[in-house]
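# Just need the structure, nothing else, for what follows:
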Amino acid sequence: MITELNLSPAGQTVAILVLLGLLWLVLKHRPTRISLDEPKPEPVEESTTMDLNPDYGRYVWLAGRYYN
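Next comes the predicted model:
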């Protein structure tokens, strides 16, 4: 038959700390299933044109003045 353990509060603390330590060791050495390797996206070439209207900055400045 299984008998009841009569532990003092200090004995209970030691037993809990030992069990938590064992649990931590088991979980630490367990292999993980999560793969953190994400596929790298292919580089996208951005096509920007440098042919802007010479007054483009004025439009931006006026829009900022109007909406703010």
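# List the buried residues for the longest helix anywhere in the chain?
Among the elements of type helix in the chain, defined by DSSP state H, the one spanning the most residues is helix 9-29. Counting neighbours by 16 or more other Cβ atoms under 10 Å, one finds that helix 9-29 has no buried residues. For the C-beta atoms, the positions are set from N, CA and C on the backbone; glycine is no exception.
# can you tell me the average pLDDT over it?
For helix 9-29, the per-residue pLDDT values average out at 94.
# Ser35: helix or strand, and which one exactly?
Counting by DSSP states H and E, no helix or strand carries Ser35.
# How many residues are close by it?
For Ser35, the number of neighbouring residues by other Cβ atoms under 10 Å comes to 6.
# if I pick it, what's in contact with it?
When contacts are counted by Cβ atoms under 8 Å, 6 or more residues apart in numbering, Ser35 touches no other residue.
# measure it to Gln12 for me?
Here Ser35 is placed at a distance of 41 Å from Gln12 (Cβ to Cβ, to the nearest Å).
# Could you report the pLDDT at Asp55?
Reported pLDDT at Asp55 in the predicted model: 79.
# Then Thr49?
In this model, Thr49 is scored at 65, pLDDT.
# now swap in the one 3 residues further on and tell me
Per-residue confidence for Leu52 comes out at a pLDDT of 70.
# what do you get for Pro43?
pLDDT, Pro43: 84.
# residues near it, how many?
By the other Cβ under 10 Å criterion, the neighbourhood of Pro43 contains 6 residues.
# Quick check: which element contains the nearest residue to Asn53 once chain neighbours are set aside?
Take Asn53 and drop its neighbours on the chain: the residue closest to it by Cβ to Cβ, 6 or more residues apart in numbering is Tyr59, 7.9 Å away. Tyr59 is part of helix 56-67, with elements assigned from DSSP H and E.
# so how far is the longest helix of the chain from its chain's centroid?
Centroid separation between helix 9-29 and its chain, computed with Cα atoms, centre = their mean, to the nearest Å, is 28 Å.
# same thing with stretch 5-19?
Worked out by Cα atoms, centre = their mean, stretch 5-19 lies 36 Å from the chain centre.
# Could you do stretch 54-61 as well?
In terms of Cα atoms, centre = their mean, the gap separating the centre of stretch 54-61 from the centre of its chain is 42 Å.
# Before I go, just wanted to say thanks for your time.
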